[in-house]
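1. prediction below, plus the sequence it came from.
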Amino acid sequence: MAHFAELDINNKVLRVLVACNQDIADHGGELSEEAANYFGSYTPFSENGVKWVQTSYNNNFRKRFAGTNYTYDSISDVFIPPKPHNSWILDNLEYDWKSTISYPSITTYGDNVKYYICWDEDNLRWLGITKENQEFYWETSLQNWLPK
C-alpha cells in the first residue's frame, strides 16, 4: 500500500493516509507529482491541509515514514520528526535529532548490569536506570557511569 502525508502551509504533517498501489502506478508512479495530485483528486484536504506528499512505510525514500507533527523538508526531500528535547539539535547530514552530549559509549554498569538509558533534559545528561530502579548518570569527562 502506498501512503501520503497531508501537509499544512508550514509543511507540518497533519495526517498520513493509505492509497492503492495500482492507482499510484497508473498515475505517474511512486514519488510523482501526478500520483500525489491524483490521490488528492479523491481525498479531500482536512481544514488546514494544502498538499499531499508520498511517504514510505518501509523508509525506502524521504528518510523515514512520516507521522503526525513531522515536518517535510522539501529542499532535502526528507521527513523530520518533532524535536524530542529543547536542547537537541538537528544533524543536517542525517536529519536526525542529536543530544548536545554524546550517547554513552558504555551501556553496562558493574557486573554487566544492563539498564534503560534515557535523556535528562533538566540536567542535560544521560541517565541509566536498572531493573531494580538504581539510577546512574553518565559523566562525559570520565567516560563512565556514576551513582546518582
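-> Okay, I see it.

2. got the contact list for stretch 14-31?
-> 1-8, 32, 34-35, 37-39, 43, 46, 48-49, 54-55, 61, 65-68 (C-beta atoms under 8 Å, 6 or more residues apart in numbering). (C-beta placed from N, C-alpha, C; glycine too.)

3. now the buried members of those residues.
-> Buried members of these, scored by 16 or more other C-beta atoms under 10 Å, are 2-7, 35, 38-39, 49, 54-55, 65-66.

4. looking at these, which is nearest residue 136?
-> residue 65 (33.6 Å; C-beta to C-beta).

5. report the contact partners of that closest one.
-> Per C-beta under 8 Å, 6+ apart, neighbours of residue 65: 3, 16, 55, 56, 57, 58, 59, 79.

6. farthest-separated two in the buried ones among the contacts of stretch 14-31?
-> 38 and 65, at 20.9 Å, using C-beta to C-beta across the buried ones among the contacts of stretch 14-31.

7. the closest residue to residue 78 other than its chain neighbours: neighbour count?
-> Among residues not flanking residue 78 along the chain, residue 63 sits closest, at 3.9 Å (C-beta to C-beta, 6 or more residues apart in numbering). Residues within reach of residue 63, counting by other C-beta atoms under 10 Å, total 18.

8. was I right to think residue 63 contacts residue 79?
-> Yes: with contacts counted by C-beta atoms under 8 Å, residue 63 reaches residue 79, the gap being 5.9 Å.

9. hmm, back to that, which one of the buried ones among the contacts of stretch 14-31 sits closest to residue 126?
-> Taking the buried ones among the contacts of stretch 14-31 together and measuring to residue 126 by C-beta to C-beta, the closest member is residue 65, at 26.9 Å.

10. got any ranges where this structure has weak pLDDT?
-> Counting by pLDDT under 70, the chain has low-confidence residues at 111-113.

11. tell me the centre residue of this protein?
-> residue 81 (3.4 Å; C-alpha atoms, centre = their mean).

12. mind listing what that residue touches?
-> 64, 67, 70, 97.

13. with residue 74 instead?
-> Contacts of residue 74 by C-beta under 8 Å, 6+ apart are residue 11.

14. distance of it from residue 50?
-> Taking C-beta to C-beta, to the nearest Å as the measure, residue 74 falls 12 Å from residue 50.
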